[in-house]
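Engineer: What would the 3D arrangement of this be:
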Amino acid sequence: MNPILIKRKWVDGEFKEVKYPLLSGYIFLFSNEQMDPTVVHRLGGVQRVLQYGDKIFALAGYDEQLARWLARYDGRIGISQAIRVGNRIQVVEGPMKDNVGRILKVDMRKQCAKMEFQFCGSTFTVWTNFVWVETPPLPAGVSPIGATKVG
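Structural biologist: Numbering: from 1, shown residues only. You can find the predicted model right below:
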């Protein structure tokens, strides 16, 4: 998986989705079995395989959490949905809701947020988009229930 960030960009009078590399130079491989790093090197173009300490190649801790977050969205970190709560925003759906990174700054007018996250000892900062929604989406499998005034 080669993660990408999908952002909204104003082009020719309308918003269009544009893809950017999220962690340029990194690819993520997932396996149910222990992988031999020499096999990964044979893929071509691989400079090195990340490791912790002496020959521990599986991601751990926050790095593993970040990789699982990326996998949850198939490596495509798209646009989140938010509602206004007073003068703040509440993310109700999408990648920003998962609390993987820390939101440093929000531009409500441009509907974007500056996120910071850690990976392999480095800090990455990205601007990601959200869109305003009227009401939070219902959880999967839940249908809206009509209401009737009684009496």
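Engineer: I'd like the next helix or strand past the helix or strand bottoming out on mean pLDDT in the chain.
Structural biologist: Counting by mean pLDDT, DSSP states H and E, the chain has its least confident helix or strand at helix 37-41, which shows a mean of 79. Per DSSP states H and E, helix 37-41 leads on to helix 61-72 as the next helix or strand towards the C-terminus.
Engineer: From the contact counts, what lies against that following helix?
Structural biologist: strand 112-119 (3 or more C-beta pairs under 8 Å, 6 or more residues apart in numbering; DSSP states H and E). Heads up, the C-betas are built off the backbone N, CA and C, glycines and all.
Engineer: between the strand it packs on and helix 61-72, how many degrees?
Structural biologist: Interaxial angle of strand 112-119 relative to helix 61-72 (axes from the mean of the first three to the mean of the last three C-alpha atoms, to 10 degrees): 130 degrees.
Engineer: tell me which residues in the helix or strand following strand 112-119 are buried?
Structural biologist: Per DSSP H and E, the first helix or strand lying C-terminal to strand 112-119 is strand 122-132. Buried residues in strand 122-132, counted by 16 or more other C-beta atoms under 10 Å: 126, 128-130.
Engineer: just stretch 56-64 next, same as before
Structural biologist: Applying 16+ other C-beta under 10 Å to stretch 56-64 flags 59, 63 as buried.
Engineer: Show me what the least confident helix or strand of the chain packs onto, helices and strands only.
Structural biologist: Helix 37-41 packs on no helix or strand, going by 3+ C-beta pairs under 8 Å, 6+ apart.
Engineer: What lies in contact with it?
Structural biologist: By C-beta atoms under 8 Å, 6 or more residues apart in numbering, the surrounding residues in contact with helix 37-41 are 29, 46, 49, 51, 57.
Engineer: picking that back up, which one among the buried residues of strand 122-132 gets closest to residue 13?
Structural biologist: residue 129 (17.8 Å; C-beta to C-beta).
Engineer: you'd agree the closest one is up against residue 10?
Structural biologist: No: with contact defined as C-beta atoms under 8 Å, residue 129 does not reach residue 10; the gap is 11.3 Å.
Engineer: shaky segments in the protein?
Structural biologist: 135-151 (pLDDT under 70).
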